[in-house]
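Undergrad: Model the following, please.
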Amino acid sequence: MAGVRQFRAVVRGRVQGVSFRAATVREGQALGLDGHARNLPDGTVEVVARGDDESLRMLIAFLRTGPPAAPVDGVDLDWSDTSPLQRGFSIRWR
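TA: Numbers count the residues shown, from 1 in each chain. Take a look at the predicted model:
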């Protein structure tokens, strides 16, 4: 598929224990992306996503604001990520 890209984002803020991952998964699925969201030990959330540019931009916009109960302080993006991903978007536990 032409125009497919992938990024890894680390989301900082109050993003654990507030359904941030679940909301991210719903957004990723609605946008037709492949990827995952998972908690990291330092209290951040990692999001890896692959898809078309427009859908990825929409997910990034969501990550920067988050759901109402999850104030986001910042998002660090890495567009060089090439980790293998399964189809679909899900919570990753490890």
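Undergrad: alpha carbons only for contacts and neighbour counts from here, please
TA: Noted.
Undergrad: what's the burial count for the closest residue to residue 43 other than its chain neighbours?
TA: In space, and not counting its chain neighbours, residue 43 is closest to residue 16: 6.4 Å by Cα to Cα, 6 or more residues apart in numbering. Neighbours of residue 16 under the rule other Cα atoms under 10 Å: 16.
Undergrad: which ones are touching residue 16?
TA: 39, 43, 44, 45, 70 (Cα atoms under 8 Å, 6 or more residues apart in numbering).
Undergrad: Of the residues you listed, select the buried ones using a ChimeraX command.
TA: Remark: buried members of the contacts of residue 16, expressed as a ChimeraX selection using 16 or more other Cα atoms under 10 Å:
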select :39,44,45,70
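Undergrad: Cross the contacts of residue 16 against strands and list the overlap.
TA: 39, 45 (DSSP state E).
Undergrad: Need the residues that contact stretch 67-78.
TA: 7-16, 18-20, 23, 63-66.
Undergrad: Please point out which parts of the helix of greatest length in the chain sit buried.
TA: Counting by DSSP state H, the longest helix found in the chain is helix 53-65. Of the residues in helix 53-65, 55, 56, 59, 60, 63, 64 count as buried by neighbour count, 16+ other Cα under 10 Å.
Undergrad: what's the answer for stretch 66-86, then?
TA: 66, 67, 70, 71, 72, 75.
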